[in-house]
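Engineer: would you be able to build a 3D model of this:
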Amino acid sequence: MQIPVAKKVYFSSDNHLGAPTNEASKPRELKFVKWLDEVKEDAAAIFLLGDLFDFWFEYKHVVPKGFVRVLGKLAEIRDSGIPVYFFVGNHDLWMNDYFEKELDIPVYHRPKEFSFNNKKFLIGHGDGLGPGDKGYKRMKKVFTNPFSQWLYRWLHPDLGVPLAKHLSVKNKLISGDEDAKFLGEENEWLVQYAKRKLETQHYDYFIFGHRHLPMSINVGENSTYHNLGDWINYYTYGVFDGETFELKEYK
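Structural biologist: Residues are numbered from 1 along each chain as shown. Okay, here's the model as predicted:
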């Protein structure tokens, strides 16, 4: 994609709307909607890198209620012709085709390459990548197993949704974000993942979420890893203006 003059590509991750309750997260939702309303003015594309919701599970005819403001704003942005891309996170990995059918937003379940102005990006949520995190990786295999999801759908939504929300808030293993502090480059799994990827292919930028910490780390010659932070404590996002990538705070 060639970014038109005066246009930008925006990146956001880890809103966790609905946590700890829909009512408590409403101010954060309103703030995020305001951000979307502002960036749509010069956005060439918008990337949402997962955990937009603290819990999301698609039954055949049911999705969790709430979040109408952010869903409506995303629909408006897509209807205006601005591309929006969604990468599932570890809290909304049960997303199927609702976004694609209702909002015309493609959904990705693993990292994907993009090119903007001849700069190569590898973009994803970031959960389960790199060395370590073995407990969550085992848990993720269970969560993403089609048979496990089929079994869960037999729970009535009035039981299944509150149960999953409770586990999502309380269980650190499910959350995958129990170490919300910088661990050092050698212990940051996504940093190690990026360095390993560079052994076989060059990327100018690695853009991930999941860690809830805004950070920018050089991982190779002309290659940088950026974590987008979150919309709980930092309200940070990424922007690429066609030449450089920058992390910013929304106030």
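Engineer: list the contacts for Gly229?
Structural biologist: Counting by Cβ atoms under 8 Å, 6 or more residues apart in numbering, Gly229 touches Ser13, Asp14, Gly209, His212, Leu213, Pro214, Met215, Tyr235, Thr236, Tyr237, Leu247. C-beta here means a position set from N, CA and C on the backbone, and glycine is covered the same way.
Engineer: please redo it, this time with the cut-off set to 7 Å
Structural biologist: Gly229 is in contact with His212, Leu213, Pro214, Thr236, counting by Cβ atoms under 7 Å, 6 or more residues apart in numbering.
Engineer: looking at these, which are in strands?
Structural biologist: Judged by DSSP state E, the contacts of Gly229 include Pro214, Thr236 as members of strands.
Engineer: can you turn the buried part of the contacts of Gly229 into a PyMOL selection?
Structural biologist: The buried residues among these can be selected in PyMOL (16 or more other Cβ atoms under 10 Å) with this line:
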select buried, resi 212+213+214+236
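Engineer: format the contacts of Gly229 as JSON lines; extra columns: pLDDT and distance to Asn118.
Structural biologist: Converted to JSON lines, the contacts of Gly229 look like this (pLDDT from 0 to 100; distance: Cβ to Cβ, whole Å):
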{"residue": "His212", "pLDDT": "93", "distance to Asn118": "31"}
{"residue": "Leu213", "pLDDT": "95", "distance to Asn118": "29"}
{"residue": "Pro214", "pLDDT": "97", "distance to Asn118": "26"}
{"residue": "Thr236", "pLDDT": "98", "distance to Asn118": "26"}
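Engineer: next, format the contacts of Gly229 as CSV and append distance to Leu93.
Structural biologist: Putting those into CSV (distance: Cβ to Cβ, whole Å) gives the following:
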residue, distance to Leu93
His212, 17
Leu213, 21
Pro214, 23
Thr236, 22
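Engineer: flag every buried residue along stretch 182-195.
Structural biologist: Neighbour-count burial for stretch 182-195 flags Glu188, Trp189, Leu190, Val191, Gln192, Tyr193, Ala194, Lys195 (criterion: 16+ other Cβ under 10 Å).
Engineer: what does stretch 1-14 give?
Structural biologist: Residues of stretch 1-14 classed as buried by neighbour count (16+ other Cβ under 10 Å): Ile3, Lys8, Val9, Tyr10, Phe11, Ser12, Ser13, Asp14.
Engineer: for that stretch, measure first residue to last.
Structural biologist: Chord length of stretch 1-14, first to last residue, is 25 Å (Cα to Cα, to the nearest Å).
Engineer: please shift the residue numbers so they start at 56 in all later answers.
Structural biologist: Will do, 56 is the new start, and the previous item becomes stretch 56-69.
Engineer: for that stretch, give me every contacting residue.
Structural biologist: Stretch 56-69 has contacts (Cβ under 7 Å, 6+ apart) with 94, 97-106, 170-172, 180, 262, 264-265, 267, 283, 285-286, 292-297.
Engineer: now, which of the buried residues of stretch 56-69 sits nearest Leu206?
Structural biologist: Leu206 lies nearest to Asp69 out of those, by Cβ to Cβ, at 28.1 Å.
Engineer: okay, and for the stretch 156-305 of the chain, where does confidence drop off?
Structural biologist: Within the stretch 156-305 of the chain, the stretches with pLDDT under 70 are 188-195, 198, 221-234.
Engineer: that one: helices as residue ranges?
Structural biologist: In the stretch 156-305 of the chain, the segments counted as helices under DSSP state H, counting those that start in this stretch are 189-198, 201-207, 212-225, 227-230, 244-253.
Engineer: contacts for the last one next, please.
Structural biologist: Surrounding helix 244-253, the residues in contact under the criterion Cβ under 7 Å, 6+ apart are 177, 181, 184-188, 240, 258, 261, 263, 266, 272, 274-275, 278, 280, 282.
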